[in-house]
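Peer 1: Got a predicted structure plus its sequence, pasted below:
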Amino acid sequence: MKIEQIYTACLSQGSYYISSENEAIIIDPLRETQQYIDKANKDKAKIKYVFETHFHADFVSGHIDLARKTGAKIVYGPNAHTDYPVYNAKDSEIFSVGKISIKVLHTPGHTPESTCYLLTDENGKNNAIFTGDTLFIGDVGRPDLATSSNITSEDLAGILFDSLRNKIMPLDDEIIVYPAHGAGSSCGKNLSKETFSTLGIQKKTNYALKEDMTKKEFVKELLDGMPLPPKYFKDNAMMNKLGYNSFEDVIEQGNKSLEIDEFKNFLLNPEIILLDVRHQKDFMNKHIPNSIFIGLNGSFAPWVGSIVEDTNKKILLITPEGKEVETLTRLSRVGFDNCLGFLNGGINEWENQGNPISSIETIKSKDFVDILKLNKINILDVRSKSEFDNKHIEGAINFPLNSLQEMYKEIKYEDKLYVHCAGGYRSVIAISILKKLGFKAMTNITEGFNEILKCNLNENCYNSINSLNCNNT
């Protein structure tokens, strides 16, 4: 028996390849499916089933393409209604794969169709459970992502409480828990950086599995402080439910080298998004006016989903040379299938042809701190609310990046802004958005808050929600 977790850091997502004898199964595959086929070919195994734990909202699964290519049967649990052929397993139904078996545990709550899969090894011992978004390491799935609107988040949270206690917690402590996501995912509030654990450890450390917790307490704790889900989640969930274009067709469509004239002609349409995916240092140095920066070197796909939001938007690309297919692949993972192509020669060709170039004013953290000590300045902190609440510069305003496009009207256009995040990636995204919206006087603090903390700034200049260190002045 082989169990392999295939973890994709950009999405904080784990898919699973499992084989026994000459048969294999895949659980929650990524959209690019060749990697699973290659693993099965190496093991001389046939992919028999593709198990889906639920209708994923944060990424587009590869189940449809994988079934088409291999003849594998797509398996969902109860209550999963799709527009393509699947097998809807019954609760407690058992599937044989080589010398192992997979038992279906219907665990609604995250969504009505959410299902876990319990693996029994060659010796008849329950070895592992693949929990999807029902149970994470340190957390559980949010109950507000169902594709149907006829059930409330409170109702689903209560159902999740029952699922955990009736289906998961009675299992042996030694069972390994393999979830669909880790830290960084928006599918929960406080996921661990660990990508697997044992059920016994989770019973001791995961707040959601406290034995003395009432259902009312569980619902309150689960929903309290739950941020709104990214808007692209709904599109992804519907693509997983209704179907989508093949991955290969999407890549072929977007992998087009555009000459300057054709590229500029597309830019005449204000609805088209010009997306620059180079490193933030390159973008700050020079970029095409009105382009949005989201670099491949960060959590690229989730930020595209959070910033662009509408997966139907048409996108033009500025990419590092040789990164075109990678960019298209990572966009397709979150359902952005409408790329028109990329500029041949990139930013250098644009500049060589005499076209306008823009840049971002920058300042190092040390120099920013020197200014801060002597002047009252306007500081925009685009970190998350929890980061800001933990510690921030006194007087800074906090517009988290994922809310910036709704909150920006509270910023006065004439104010000069010093913008920072934690490390210098999100702040450049924020400035690119604000520049497109008409803001001009902005300076990026290149190394962000992490470096500001090292710059010998008096502790009285910091603030936190729990401990106010100085007066606002």
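Peer 2: Done, it's in.

Peer 1: contacts and neighbour counts: CA atoms only from here.
Peer 2: Fine.

Peer 1: how close does the residue of the chain positioned farthest from its centre sit to Phe368?
Peer 2: Farthest-out residue of the chain from its mean C-alpha position, per Cα atoms, centre = their mean: Leu374, at 39.9 Å. Note on Leu374: its distance to Phe368, by Cα to Cα, to the nearest Å, is 10 Å.

Peer 1: May I ask you to confirm that Lys435 is in contact with Asn290?
Peer 2: Yes. Counting by Cα atoms under 8 Å, Lys435 does reach Asn290; the two are 6.9 Å apart.

Peer 1: any idea how far Thr115 lies from Asp173?
Peer 2: Computed as Cα to Cα, the Thr115 to Asp173 distance reads 20 Å.

Peer 1: what pLDDT does the residue farthest from the centre of the chain get?
Peer 2: Note on Leu374: pLDDT of 78.

Peer 1: same thing with Asn469?
Peer 2: So Asn469 comes in at 30 (pLDDT).

Peer 1: again with Ser149
Peer 2: At Ser149, the model reports a pLDDT of 66.

Peer 1: Likewise for the one 5 residues further on?
Peer 2: The score at Glu154 is 95. That number is its pLDDT.

Peer 1: how about it, what does it touch?
Peer 2: When contacts are counted by Cα atoms under 8 Å, 6 or more residues apart in numbering, Glu154 touches Pro143, Val219, Leu223.

Peer 1: do that again at 10 Å, thanks
Peer 2: Neighbouring residues of Glu154 by Cα atoms under 10 Å, 6 or more residues apart in numbering: Gly109, Pro143, Asp144, Leu160, Lys216, Val219, Lys220, Leu222, Leu223.

Peer 1: Are we agreed that the fourth one is in a strand?
Peer 2: Read that as Leu160. No. Applying DSSP: H, G, I helix; E, B strand; the rest coil, one finds Leu160 to be helix, outside a strand.

Peer 1: I'd assumed Glu113 was in contact with it.
Peer 2: No. Between Leu160 and Glu113 there is no contact under Cα atoms under 10 Å: 11.4 Å.

Peer 1: got the contacts of Glu154 as a markdown table, with distance to Glu122 columns?
Peer 2: Below are the contacts of Glu154 laid out as a markdown table (distance: Cα to Cα, whole Å):
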| residue | distance to Glu122 |
| --- | --- |
| Gly109 | 31 |
| Pro143 | 35 |
| Asp144 | 38 |
| Leu160 | 31 |
| Lys216 | 41 |
| Val219 | 39 |
| Lys220 | 41 |
| Leu222 | 37 |
| Leu223 | 40 |
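
Peer 1: ok, which pair from those residues is furthest apart?
Peer 2: Based on Cα to Cα, the longest span within the contacts of Glu154 runs between Asp144 and Lys216 and measures 16.8 Å.

Peer 1: These two: who's more crowded?
Peer 2: Asp144 (22 against 13; other Cα atoms under 10 Å).

Peer 1: Now do the buried residues in stretch 291-311.
Peer 2: For stretch 291-311, the neighbour count (16 or more other Cα atoms under 10 Å) marks 291-296, 298-311 as buried.

Peer 1: Could you do stretch 322-342 as well?
Peer 2: Going by 16+ other Cα under 10 Å, stretch 322-342 has these buried residues: 324, 327-342.

Peer 1: sorry, back to before: which one of Leu160 and Glu113 is surrounded by more residues?
Peer 2: When Leu160 and Glu113 are compared for neighbours, Leu160 comes out ahead with 29 against 22, by other Cα under 10 Å.

Peer 1: nearest spatial neighbour of that one, skipping sequence neighbours?
Peer 2: Gly109 (3.7 Å; Cα to Cα, 6 or more residues apart in numbering).

Peer 1: neighbours around that neighbour, how many?
Peer 2: The local packing of Gly109 (other Cα under 10 Å) involves 30 other residues.

Peer 1: could you list every residue that touches it?
Peer 2: Counting by Cα under 10 Å, 6+ apart, Gly109 touches 115, 133-134, 140-146, 153-164.

Peer 1: Are any of these buried, and if so which?
Peer 2: Among the contacts of Gly109, the ones that count as buried by 16+ other Cα under 10 Å are 115, 133-134, 140-146, 153-154, 156-164.

Peer 1: and Tyr49, which of the three is it?
Peer 2: At Tyr49, secondary structure determined by three-state DSSP is strand.

Peer 1: Show the contacting residues for it.
Peer 2: Counting by Cα under 10 Å, 6+ apart, Tyr49 makes contact with 23-27, 63, 66-67, 70-75, 87, 95, 97.

Peer 1: ditto for Asn297
Peer 2: Asn297 is in contact with Cys10, Val277, Arg278, His279, Gln280, Tyr425, counting by Cα under 10 Å, 6+ apart.

Peer 1: Now do the contacts for Leu343.
Peer 2: Leu343 is in contact with 256-264, 316-319, 324, 349-350, counting by Cα under 10 Å, 6+ apart.

Peer 1: Same question for Trp303.
Peer 2: Contacts for Trp303 were tallied using Cα under 10 Å, 6+ apart; they are Cys10, Leu11, Pro230, Ile294, Gly295, Glu309, Leu401, Asn402, Arg426, Ile429.

Peer 1: For Ile137, which non-adjacent residue is closest in space?
Peer 2: Nearest to Ile137 is Ser192, by Cα to Cα, 6+ apart, at 5.5 Å.

Peer 1: before we move on, what about Asn22?
Peer 2: Per Cα to Cα, 6+ apart, closest to Asn22 is Ala45, 4.1 Å.

Peer 1: on that earlier part again, now, the contacts of Asn297 that are in helices?
Peer 2: Gln280 (DSSP state H).

Peer 1: Among the contacts of Asn297, which one lies nearest to His181?
Peer 2: Relative to His181, the closest of the contacts of Asn297 is Cys10; by Cα to Cα it sits at 10.9 Å.

Peer 1: my read: that closest one touches Gly184, true?
Peer 2: Yes. Using Cα under 10 Å, Cys10 is in contact with Gly184, at 8.5 Å.

Peer 1: Now for the two: what residues contact both?
Peer 2: Common contacts of Cys10 and Gly184 (Cα under 10 Å, 6+ apart): Ser299, Pro302.

Peer 1: so how many other residues sit close to Ile260?
Peer 2: 17.

Peer 1: How much space separates Ile151 from Pro143?
Peer 2: Distance of Ile151 to Pro143, given as Cα to Cα: 10 Å.

Peer 1: residues bridging contact with those two, i.e. touching both?
Peer 2: Shared contacts of Ile151 and Pro143 (Cα under 10 Å, 6+ apart): Thr111, Pro112.

Peer 1: about what we covered before: for the residue nearest to Ile137, helix, strand, or coil?
Peer 2: For Ser192, the assignment made with three-state DSSP gives coil.

Peer 1: ok, now Glu262?
Peer 2: Assigned with three-state DSSP, Glu262 falls in the helix class.
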